[in-house]
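Trainee: Quick one: sequence plus predicted model below, questions after.
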Protein chains: 2
Amino acid sequence: EAMPRSAVELRCQCVGTRSRFIHPKFIQNVNLTPSGPHCKNVEVIATLRDGREVCLEPTAPWVKLIIKAILDK
Amino acid sequence: EAMPRSAVELRCQCVGTRSRFIHPKFIQNVNLTPSGPHCKNVEVIATLRDGREVCLEPTAPWVKLIIKAILDK
């Protein structure tokens, strides 16, 4: 289950990731946090149009594709 | 000049983008906002380790590379 927290906290923000596909039309923005001393995981947090925040799996092909699609549009 | 604002505002957050390279070690996280009714531009906002927010150019090759590097690490 995903429980993202504030981006400035000095620990991991996600306690898990969601691997189920989310259609890009429901995604308001995507936040990428590199791994570092605060957290060993790369964290990808999508904010949905309804305000919910969901932790996505950085290695999932559909997650990479959605990020590429946002940049290429 | 770049002046990012809150991610929930219903208009463009960047008034310009920075094209000069920023080393990934200075980047705390990167926020991607797809274009939409609120703003015709894709917006890529990097939060730096010192807390500053910088609007990056989504089409710049180094920006795409940094995002790919974050995801692949």
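Mentor: In hand now; what should we look at? Residues are numbered from 1 along each chain as shown, chains lettered A, B, ... in the order given.

Trainee: residues in chain A within reach of chain B, list them.
Mentor: When proximity is defined as C-beta under 8 Å from any C-beta of the partner chain, chain A approaches chain B at A:7, A:24, A:27-35, A:42, A:44, A:47, A:58-59, A:63-64, A:67, A:70-71, A:73. Placement of C-beta: from N, CA and C, glycine included.

Trainee: Looking at those residues, which are in strands?
Mentor: Using DSSP state E, the members of the residues of chain A next to chain B that fall within strands are A:Ile27, A:Gln28, A:Asn29, A:Val30, A:Asn31, A:Leu32, A:Thr33, A:Val44, A:Thr47.

Trainee: Among those, which one sits closest to B:Gln13?
Mentor: Relative to B:Gln13, the closest of these is A:Asn29; by C-beta to C-beta it sits at 9.7 Å.

Trainee: Once you drop chain neighbours, what's closest to the closest one?
Mentor: Excluding its sequence neighbours, the residue lying closest to A:Asn29 (C-beta to C-beta, 6 or more residues apart in numbering or on different chains) is B:Thr33, at 4.2 Å.

Trainee: give the contact list for the one you found.
Mentor: By C-beta atoms under 8 Å, 6 or more residues apart in numbering or on different chains, B:Thr33 lies in contact with A:Gln28, A:Asn29, A:Ile70, B:Ala7, B:Gln13, B:Cys39, B:Val42, B:Glu43, B:Val44, B:Ile45.

Trainee: Low-confidence stretches in chain A?
Mentor: Applying pLDDT under 70 to chain A flags residues A:1-9.

Trainee: and the residue nearest to A:Ala69 when sequence neighbours are not counted, how far is that from A:Cys12?
Mentor: Spatially, and ignoring its direct neighbours in sequence, A:Ala69 is nearest to A:Pro24 (6.2 Å; C-beta to C-beta, 6+ apart). The spacing between A:Pro24 and A:Cys12, counted by C-beta to C-beta, to the nearest Å, is 25 Å.

Trainee: From A:Val54, how far off is A:Ala60?
Mentor: For A:Ala60, the distance to A:Val54 equals 12 Å [C-beta to C-beta].
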